[in-house]
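Student: quick one: sequence plus predicted model below, questions after.
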Amino acid sequence: MQHTPAPAATPSFYLKRHAQVVRTLALVGAALLLVQPVLLLTASNWLDLFGIGSFLGLPNLPPDEAGRWRTAVVSLLPVGGGLYALRHLWRLFGEYGQGRVFGAAAQDALVRFAWAVLLLALLLPLARGLMSVTLSIGNPPGHRYLAISIAWFDCLHILFGAVLVAIARVMAEARRLADDNAGFV
(Lines give C-alpha, C1' and ligand atoms only; values in the text may rest on other atoms or scores of the structure.)
Protein backbone atom coordinates (compact mmCIF):
# COMPACT_ATOMS: atom_id res chain seq x y z
CA MET A 1 0.00 0.00 0.00
CA GLN A 2 1.51 3.28 -1.12
CA HIS A 3 0.99 6.45 0.92
CA THR A 4 -0.04 9.51 -1.02
CA PRO A 5 1.49 12.54 0.68
CA ALA A 6 -0.46 15.70 1.24
CA PRO A 7 0.16 18.50 -1.22
CA ALA A 8 3.47 20.23 -0.62
CA ALA A 9 3.43 23.24 1.59
CA THR A 10 4.41 26.55 0.14
CA PRO A 11 8.20 26.75 0.33
CA SER A 12 9.69 29.33 2.62
CA PHE A 13 11.16 32.45 1.11
CA TYR A 14 14.68 31.27 2.03
CA LEU A 15 14.26 27.82 0.50
CA LYS A 16 12.83 29.31 -2.67
CA ARG A 17 15.64 31.89 -2.87
CA HIS A 18 18.27 29.22 -2.17
CA ALA A 19 16.83 27.03 -4.92
CA GLN A 20 17.00 29.94 -7.37
CA VAL A 21 20.62 30.66 -6.47
CA VAL A 22 21.66 27.01 -6.85
CA ARG A 23 19.84 26.72 -10.17
CA THR A 24 21.59 29.88 -11.40
CA LEU A 25 24.94 28.46 -10.31
CA ALA A 26 24.11 25.21 -12.13
CA LEU A 27 23.51 27.19 -15.33
CA VAL A 28 26.81 29.03 -14.89
CA GLY A 29 28.56 25.71 -14.25
CA ALA A 30 27.04 24.19 -17.37
CA ALA A 31 28.18 27.16 -19.44
CA LEU A 32 31.71 26.87 -18.05
CA LEU A 33 31.77 23.15 -18.77
CA LEU A 34 30.72 23.77 -22.36
CA VAL A 35 33.48 26.37 -22.77
CA GLN A 36 36.23 23.92 -21.77
CA PRO A 37 36.47 22.03 -25.09
CA VAL A 38 36.31 25.33 -26.96
CA LEU A 39 39.23 26.66 -24.89
CA LEU A 40 41.21 23.53 -25.66
CA LEU A 41 40.55 24.00 -29.37
CA THR A 42 41.60 27.61 -29.35
CA ALA A 43 44.51 27.04 -26.98
CA SER A 44 47.25 29.58 -27.26
CA ASN A 45 50.01 30.90 -25.05
CA TRP A 46 47.67 33.09 -23.01
CA LEU A 47 45.83 30.02 -21.70
CA ASP A 48 49.08 28.78 -20.15
CA LEU A 49 49.29 32.05 -18.24
CA PHE A 50 46.05 31.19 -16.44
CA GLY A 51 47.12 27.62 -15.68
CA ILE A 52 44.40 25.95 -17.77
CA GLY A 53 46.71 23.07 -18.67
CA SER A 54 47.70 22.35 -15.08
CA PHE A 55 44.07 22.61 -13.97
CA LEU A 56 43.20 19.94 -16.52
CA GLY A 57 46.11 17.81 -15.32
CA LEU A 58 48.07 18.40 -18.50
CA PRO A 59 51.76 19.37 -18.35
CA ASN A 60 51.19 21.71 -21.29
CA LEU A 61 48.52 22.42 -23.83
CA PRO A 62 48.64 20.86 -27.31
CA PRO A 63 50.81 22.91 -29.67
CA ASP A 64 49.29 21.54 -32.89
CA GLU A 65 45.73 21.61 -34.15
CA ALA A 66 45.34 17.81 -34.29
CA GLY A 67 46.46 17.50 -30.67
CA ARG A 68 44.01 20.21 -29.62
CA TRP A 69 41.16 18.40 -31.38
CA ARG A 70 42.03 15.06 -29.79
CA THR A 71 42.28 16.61 -26.34
CA ALA A 72 39.04 18.56 -26.79
CA VAL A 73 37.18 15.41 -27.89
CA VAL A 74 38.43 13.46 -24.86
CA SER A 75 37.46 16.36 -22.59
CA LEU A 76 33.86 15.81 -23.69
CA LEU A 77 33.74 12.72 -21.42
CA PRO A 78 34.03 14.64 -18.12
CA VAL A 79 32.05 17.53 -19.59
CA GLY A 80 29.19 15.15 -20.37
CA GLY A 81 29.36 13.67 -16.88
CA GLY A 82 29.37 17.14 -15.35
CA LEU A 83 26.36 18.18 -17.43
CA TYR A 84 24.54 15.02 -16.34
CA ALA A 85 25.22 15.85 -12.67
CA LEU A 86 24.16 19.47 -13.13
CA ARG A 87 20.94 18.36 -14.84
CA HIS A 88 19.96 16.40 -11.75
CA LEU A 89 21.03 19.23 -9.46
CA TRP A 90 18.74 21.49 -11.52
CA ARG A 91 15.87 19.01 -11.08
CA LEU A 92 16.56 18.64 -7.35
CA PHE A 93 16.47 22.35 -6.62
CA GLY A 94 13.49 22.81 -8.90
CA GLU A 95 11.64 20.43 -6.60
CA TYR A 96 13.00 22.19 -3.52
CA GLY A 97 11.92 25.55 -4.90
CA GLN A 98 8.37 24.19 -5.23
CA GLY A 99 8.43 22.95 -1.63
CA ARG A 100 8.56 19.26 -2.60
CA VAL A 101 11.62 18.51 -0.48
CA PHE A 102 10.70 14.91 0.35
CA GLY A 103 8.94 14.01 -2.91
CA ALA A 104 9.84 11.10 -5.16
CA ALA A 105 11.21 13.36 -7.90
CA ALA A 106 13.47 15.18 -5.44
CA GLN A 107 14.66 11.88 -4.03
CA ASP A 108 15.41 10.51 -7.49
CA ALA A 109 17.30 13.67 -8.47
CA LEU A 110 19.33 13.58 -5.24
CA VAL A 111 20.31 9.93 -5.76
CA ARG A 112 21.32 10.50 -9.38
CA PHE A 113 23.24 13.67 -8.53
CA ALA A 114 25.07 11.94 -5.67
CA TRP A 115 26.14 8.97 -7.82
CA ALA A 116 27.16 11.28 -10.67
CA VAL A 117 29.38 13.30 -8.32
CA LEU A 118 31.00 10.17 -6.91
CA LEU A 119 31.58 8.57 -10.32
CA LEU A 120 32.97 11.81 -11.74
CA ALA A 121 35.34 12.13 -8.80
CA LEU A 122 36.62 8.61 -9.43
CA LEU A 123 36.87 9.01 -13.22
CA LEU A 124 38.38 12.50 -13.51
CA PRO A 125 41.97 11.37 -12.82
CA LEU A 126 41.57 8.71 -15.53
CA ALA A 127 40.10 11.25 -17.95
CA ARG A 128 43.05 13.58 -17.33
CA GLY A 129 45.39 10.65 -18.00
CA LEU A 130 43.61 9.91 -21.27
CA MET A 131 43.89 13.58 -22.19
CA SER A 132 47.65 13.42 -21.61
CA VAL A 133 47.86 10.45 -23.98
CA THR A 134 45.90 12.29 -26.68
CA LEU A 135 48.12 15.30 -26.10
CA SER A 136 51.36 13.40 -26.63
CA ILE A 137 50.31 10.79 -29.21
CA GLY A 138 51.58 13.00 -32.04
CA ASN A 139 55.05 13.20 -30.45
CA PRO A 140 57.90 11.10 -31.81
CA PRO A 141 58.53 7.70 -30.16
CA GLY A 142 60.13 8.08 -26.77
CA HIS A 143 58.40 11.42 -26.16
CA ARG A 144 54.88 10.11 -25.66
CA TYR A 145 53.57 9.90 -22.14
CA LEU A 146 50.76 9.02 -19.81
CA ALA A 147 50.39 11.40 -16.88
CA ILE A 148 48.10 10.26 -14.09
CA SER A 149 47.82 12.61 -11.17
CA ILE A 150 45.71 12.57 -8.05
CA ALA A 151 45.52 15.84 -6.17
CA TRP A 152 44.08 16.66 -2.77
CA PHE A 153 40.92 18.02 -4.39
CA ASP A 154 40.35 14.66 -6.11
CA CYS A 155 40.27 12.99 -2.70
CA LEU A 156 38.00 15.74 -1.41
CA HIS A 157 35.62 15.21 -4.35
CA ILE A 158 35.53 11.46 -3.68
CA LEU A 159 34.69 12.10 -0.02
CA PHE A 160 32.05 14.65 -1.00
CA GLY A 161 30.50 12.18 -3.46
CA ALA A 162 30.50 9.40 -0.84
CA VAL A 163 28.80 11.69 1.69
CA LEU A 164 26.16 12.68 -0.88
CA VAL A 165 25.45 9.02 -1.69
CA ALA A 166 25.09 8.28 2.04
CA ILE A 167 22.71 11.23 2.50
CA ALA A 168 20.66 10.12 -0.50
CA ARG A 169 20.40 6.60 0.93
CA VAL A 170 19.36 7.92 4.35
CA MET A 171 16.71 10.12 2.71
CA ALA A 172 15.43 7.16 0.68
CA GLU A 173 15.21 5.00 3.80
CA ALA A 174 13.42 7.77 5.71
CA ARG A 175 10.93 8.12 2.87
CA ARG A 176 10.36 4.36 2.79
CA LEU A 177 9.78 4.26 6.55
CA ALA A 178 7.36 7.20 6.31
CA ASP A 179 5.42 5.37 3.57
CA ASP A 180 5.35 2.18 5.68
CA ASN A 181 4.19 4.05 8.78
CA ALA A 182 1.52 5.94 6.84
CA GLY A 183 0.17 2.63 5.60
CA PHE A 184 -0.58 1.52 9.17
CA VAL A 185 -2.71 4.51 10.06
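Tutor: Perfect, thanks for sending it.
Student: most centrally placed residue in this structure?
Tutor: What sits nearest the mean C-alpha location of the chain, by CA atoms, centre = their mean, is residue 82, with 3.5 Å.
Student: that residue sits in which helix or strand?
Tutor: Per DSSP states H and E: residue 82 is located in helix 65-97.
Student: now that helix: buried residues?
Tutor: Judged by neighbour count using 16 or more other CB atoms under 10 Å, the buried positions of helix 65-97 are 67-68, 70-72, 74-79, 81-97. Glycine gets a C-beta too; all of them are placed from N, C-alpha and C.
Student: next: stretch 16-27.
Tutor: In stretch 16-27, the ones that count as buried by 16+ other CB under 10 Å are 19, 22, 23, 26.
Student: and that stretch, average pLDDT?
Tutor: Stretch 16-27 shows a mean pLDDT of 96.
Student: so where do the helices sit in the chain?
Tutor: All helices of the chain, identified by DSSP state H, fall at 13-41, 45-49, 52-55, 65-97, 104-136, 152-184.
Student: which elements pack onto the helix holding residue 82?
Tutor: Using 3 or more CB pairs under 8 Å, 6 or more residues apart in numbering; DSSP states H and E, the elements in contact with helix 65-97 are helix 13-41, helix 104-136.
Student: out of the ones you listed, nearest to residue 173?
Tutor: Taking CB to CB as the criterion, helix 104-136 is the member of the helices and strands packed on helix 65-97 that comes nearest to residue 173, at 10.5 Å.
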